[in-house]
Structures are given as C-alpha cells and as structure tokens.
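Asker: the sequence and its predicted three-dimensional model are supplied below.
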Amino acid sequence: MKAIIFFVSLAIMWGGGQGVYTWFANMEQTEIACEEFLANGSEKDWLKVTDCFIDNSAVVVTFDQKTGKIDETNAYYLPIKASESSQEVRAFLKINSKDQRIIYSNIFRLQDNEEEFEAFFEEHPEQLEFAYKAEIRDLNGLRLFGIDSDDEDRKVLSQTAGGGDFTILDENEKPDAMRSFVMLCAGLLILVLLVVFSGKSDKEA
C-alpha cells in the first residue's frame, strides 16, 4: 500500500509540476501559421494555429480494444493539414467538445447498419452535415506532452501519421496555474505524510 501511495504522489507531483512549467513558459498565447507549425513545430505550448485545413470526415477515434465501446467518452482526433491537397499528417487536434464527440460517436456507431444510419440522420441532418464538413479555420489549444499524452492513443494516431513523428493540440485548453499548483502541493503533502507515518511505524515496530 505504501508503494502505491508513493507512486500516486509522484504522479500527482509530476502532473502539477508539468502544469506549473507550462504556465510559466506560456504566459501569453503564441500565434503561428499552420504551414510553419506543421513544418517546424513550435517551442511554445499554448498556441493559436492559423489557417488550418480541417476535414471532419477524417476523424480518428480511439477505443478500448476489449469492449469495442464507442460513445462520447472516447477520444476523437482530427488531422491538421495546411491545405486540402496536403498528404502528410504531422499534427492532430484532440476534440474536447462533448456535442462534437456525440456526433462522431453516432457516425461510428451506425456506419455498419445502413438502414439505421439513414433513418437517424434523416431526423438529424445537421449532424451529418457537420460530420462531413471541411474548412480552413484557426485552432486554439495546448500542445500535449509528458504525463498528459496518452501512449495508447498515440499508437493509434501513429498509423494515420504513417509512423512518423507528430504533435497533438488539445483543443481550447490553456495553462491552468491554480490547478497545477494545487496538484503539486497535494502530491508533496501526500509524500511528506507518507514519510512521517512510515517513520512512526518503523519506530513502533
């Protein structure tokens, strides 16, 4: 049990510390053109990436391989491109809007049943229109890295990226100093209490 608490405290401190670092290094949002972002990346993490081509029909969903469950709780990602003709995928947008995730889940859930698919989207044509919409738009978010990056999701996305290196932009997220400081302090407090109580237990023994 002590070992579990120890590693949990370290994970909380790691997450909080990374958040504090991200906030400190990104006091202001950095604006960068999509073409430059895809070609050279960015040293900053809180970004506004301008003039990106986003095709909603190219969405990638990650799900539990054992259950095969797909709903709005799954992670959905959209390839970020500089233009419609671009072939290489070097970045993804992680969708955080619940409404959008519901639309995508409906597409994946019904795509193998033509009759149900047509019946559902005949009643909800706006969802189908959104799911196949493609446009040039600006993107806002935080670059995902470290403890915030999901290894299993990256394995799935790597297939779309052709096995190459890629970046994930966490949609509409921004540095949260307060939450990060609380996490860092909470992890440190748990670690201190663990050391104190472990010392008392050893003395009593």
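Answerer: Alright, I've got the coordinates.
Asker: can you give me the strands for the protein?
Answerer: With DSSP state E applied, the chain shows strands at 30-33, 46-55, 60-62, 75-79, 91-94, 134-143, 167-171, listed in chain order.
Asker: ok, which of these comes nearest residue 18?
Answerer: Comparing the strands of the chain by their distance to residue 18 (CB to CB), the top pick is strand 134-143, with 11.0 Å. Just so you know, the C-beta spots here come from the backbone N, C-alpha and C atoms, and that holds for glycine as well.
Asker: name the residues that touch the closest one?
Answerer: The set of residues that contact strand 134-143 without belonging to it, under CB atoms under 8 Å, 6 or more residues apart in numbering, is 22, 29, 34, 42, 44-57, 80, 84, 93-94, 167-175.
Asker: quick check: angle from it to strand 167-171?
Answerer: Regarding strand 134-143 and strand 167-171, their directions subtend 90 degrees when assessed with axes from the mean of the first three to the mean of the last three CA atoms, to 10 degrees.
Asker: now do the buried residues in strand 134-143.
Answerer: By neighbour count on 16 or more other CB atoms under 10 Å, the buried set for strand 134-143 is 139-143.
Asker: now do it against strand 46-55, angle only.
Answerer: 150 degrees.
Asker: how far does strand 134-143 sit from the chain's center?
Answerer: The chain centroid and the centroid of strand 134-143 are separated by 13 Å, computed with CA atoms, centre = their mean, to the nearest Å.
Asker: what number of residues lie near the residue nearest to residue 108 when sequence neighbours are not counted?
Answerer: Distance criterion CB to CB, 6 or more residues apart in numbering; nearest residue to residue 108, sequence neighbours excluded, is residue 70 at 4.8 Å. For residue 70, the tally of surrounding residues (other CB atoms under 10 Å) stands at 18.
Asker: any idea how far residue 70 is from residue 87?
Answerer: Counting by CB to CB, to the nearest Å, the gap from residue 70 to residue 87 is 27 Å.
Asker: run through the helices of the chain in chain order.
Answerer: Applying DSSP state H to the chain gives helices spanning 2-25, 34-40, 98-110, 114-123, 125-131, 151-160, 177-204.
Asker: my read: residue 106 touches residue 130, true?
Answerer: No. Under the criterion of CB atoms under 8 Å, residue 106 is not in contact with residue 130, lying 10.6 Å apart.
Asker: thank you kindly, that will do.
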